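A.B. asks: coordinates for the following, if possible.
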Amino acid sequence: MANQKAAAEIHSGKCGFQTSVEARSIDEKCELTIQSDCESIRGLAQKLTEVDPFQEISYRGEGPLIFKKAAECQLHPACPVPAGIIKTIEVACGIALPMDAHIKFSK
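C.D. replies: Next up, the predicted model:
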């Protein structure tokens, strides 16, 4: 795993909150810097300063720590921020390419 960094901006939708995520891979860990307008995401950021990227990308074993901490911080289950954090980790660790993700609604 190469020592790299990735950054993402996450716009959560109707709530209007914006979150910035920076992930930096260092050896077998990934350091996170998360800033947000959302109080719950700020609480999550305090709990997620460093993660094991391979734990975050699999439901094997204990599964993603990010989702457990998101539940502890009472994030809305449909909040896209936890998934956006995981995608940013993947890019920083060279596991995925930096491609934008979208949810588009139609009636």
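A.B. asks: sec struct for the most centrally placed residue in the chain, please.
C.D. replies: Nearest to the geometric centre of the chain sits residue 85, at 1.1 Å (Cα atoms, centre = their mean). Following DSSP: H, G, I helix; E, B strand; the rest coil, the label given to residue 85 is helix.
A.B. asks: ok, now the one 4 residues further on?
C.D. replies: Look at residue 89: counting by three-state DSSP, its state is helix.
A.B. asks: now for it: which residues touch it?
C.D. replies: Counting by Cβ atoms under 8 Å, 6 or more residues apart in numbering, residue 89 touches 6, 23, 30, 32, 51, 53, 56-57, 95. Where C-beta positions appear, they are placed from N, C-alpha and C, glycine not excepted.
A.B. asks: surely residue 81 meets residue 20?
C.D. replies: No: the criterion here is Cβ atoms under 8 Å, and residue 81 misses it with residue 20 at 10.5 Å.
A.B. asks: between the two, who's got more neighbours?
C.D. replies: Neighbours per residue, other Cβ atoms under 10 Å: of residue 81 and residue 20, the larger number sits with residue 81, 26 against 14.
A.B. asks: picking up where we left off before, list the ones among the contacts of residue 89 that fall in helices.
C.D. replies: Using DSSP state H, the subset of the contacts of residue 89 located in helices is 53, 56.
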